[in-house]
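S.K.: Next comes the sequence, and after it the predicted model I'd like to discuss.
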Amino acid sequence: MQRVRKVVFPVAGLGTRVLPAAKAVPKEMLPVVDRPVIEYAVEEARAAGLEAFIFVTGRGKSAIEDHFDRAAELEALLEAKGKSKELAEVRRCQPPAGSLVYTRQPQPLGLGHAVWCARAFVQDEPFAVALPDDLIRAETPCLKQLLDAHAEVGGNVVAVIDVPKDQTARYGILDVTADDGRLAAAQGLVEKPAPEDAPSTLSIIGRYILDPAVMRALDTQQAGHGGEIQLTDALAATIHEVPFHGLRFQGERFDCGNKAGYVEATLQFALDNPETAEATRAAMRRMIALED
């Protein structure tokens, strides 16, 4: 089985769910404690052993490219002032030279279209997709869990969670044929079905390991739900060609694409950070006391 080396980050979205914060700042650059959301996703991919990072950007997203570039003046200043800890943190976010590629999605035509825009760099290889909006807190990186599952079953493997029945219209939902509690085999999937039409409550979130057949399916450029080119439609089109599984990953997912999820992620990661944990707990206690 061909090893997965590449990961695609679709980061061209406008961040309408977190306006006005995302009006002038890319939503992927909004900080969770001391680093932007996109950095957590890249760190996860690196920790999983992925080697090539493909960003599908759009207009107004140059801050992402700048963030992962060297900041020579800042580094020189930190070094001159003996701020070795801060210098190490700044340099830590820089992947190896030549491992990052940026390409543009010229129009917002859907997630499937964004992934398809990376086709020249993915080529005919299996690849990962990571949506930075989904910030995942896990002891073993979620992408590493998916890669391990992919080594077992091949084909397409996606991260899944069970959602309340009344929320199926927000997600791509699996039509499950077998489920051992960890891996669920599927014979189909439906994009954002109404609760009464949902084949299950097992929903895809923003982590995927995809067979090259998916990119070939996206070549058709067929519009689906909402008039957009849906990645779930391309996955569905390949189910009879390659296996399809959903993995119940070990970890906690925060939807940083909406305000409530972003606040929850910030609180949790502040509690995890030794520099901010005590102050965060104290602030939370004060706020709870005021509510009471």
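M.R.: Alright, I've got the coordinates.
S.K.: which residue is nearest the middle of this protein?
M.R.: Leu131 (2.2 Å; Cα atoms, centre = their mean).
S.K.: Need the phi and psi values for that one.
M.R.: The phi and psi values for Leu131, taken as degrees, to the nearest 10, are phi -90, psi 110.
S.K.: excluding its backbone neighbours, what's nearest it?
M.R.: Distance criterion Cβ to Cβ, 6 or more residues apart in numbering; nearest residue to Leu131, sequence neighbours excluded, is Gly206 at 2.9 Å. Placement of C-beta: from N, CA and C, glycine included.
S.K.: Let me have the one helix or strand that neighbour maps to in PDB, keeping just the CA atoms, if that works.
M.R.: Per DSSP states H and E: Gly206 is located in strand 202-210. Output of strand 202-210 as PDB, limited to C-alpha atoms (Å, rounded to 0.1, in the frame of the first residue of the first chain):
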ATOM      1  CA  LEU A 202     -22.500   9.000  12.400                       C
ATOM      2  CA  SER A 203     -21.100  12.300  10.900                       C
ATOM      3  CA  ILE A 204     -17.900  13.200   9.100                       C
ATOM      4  CA  ILE A 205     -15.700  15.900  10.700                       C
ATOM      5  CA  GLY A 206     -12.700  17.600   9.200                       C
ATOM      6  CA  ARG A 207     -10.100  14.900   8.900                       C
ATOM      7  CA  TYR A 208      -9.800  12.500   5.900                       C
ATOM      8  CA  ILE A 209      -7.400  10.000   4.300                       C
ATOM      9  CA  LEU A 210      -8.400   9.800   0.700                       C
END
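S.K.: Which strands or helices does that strand pack on?
M.R.: With contacts taken as 3 or more Cβ pairs under 8 Å, 6 or more residues apart in numbering; DSSP states H and E, strand 202-210 sits against strand 127-130, strand 134-137, helix 142-153, strand 156-162, strand 172-179, helix 231-237.
S.K.: between those, which gets nearest to Glu89?
M.R.: Taking Cβ to Cβ, strand 134-137 is the member of the helices and strands packed on strand 202-210 nearest to Glu89, at 18.5 Å.
S.K.: who's in contact with the residue lying closest to Ala169 once chain neighbours are set aside?
M.R.: Closest residue to Ala169 apart from its sequence neighbours, by Cβ to Cβ, 6+ apart: Lys192 at 5.1 Å. Residues in contact with Lys192 (Cβ atoms under 8 Å, 6 or more residues apart in numbering) are 168-173, 225.
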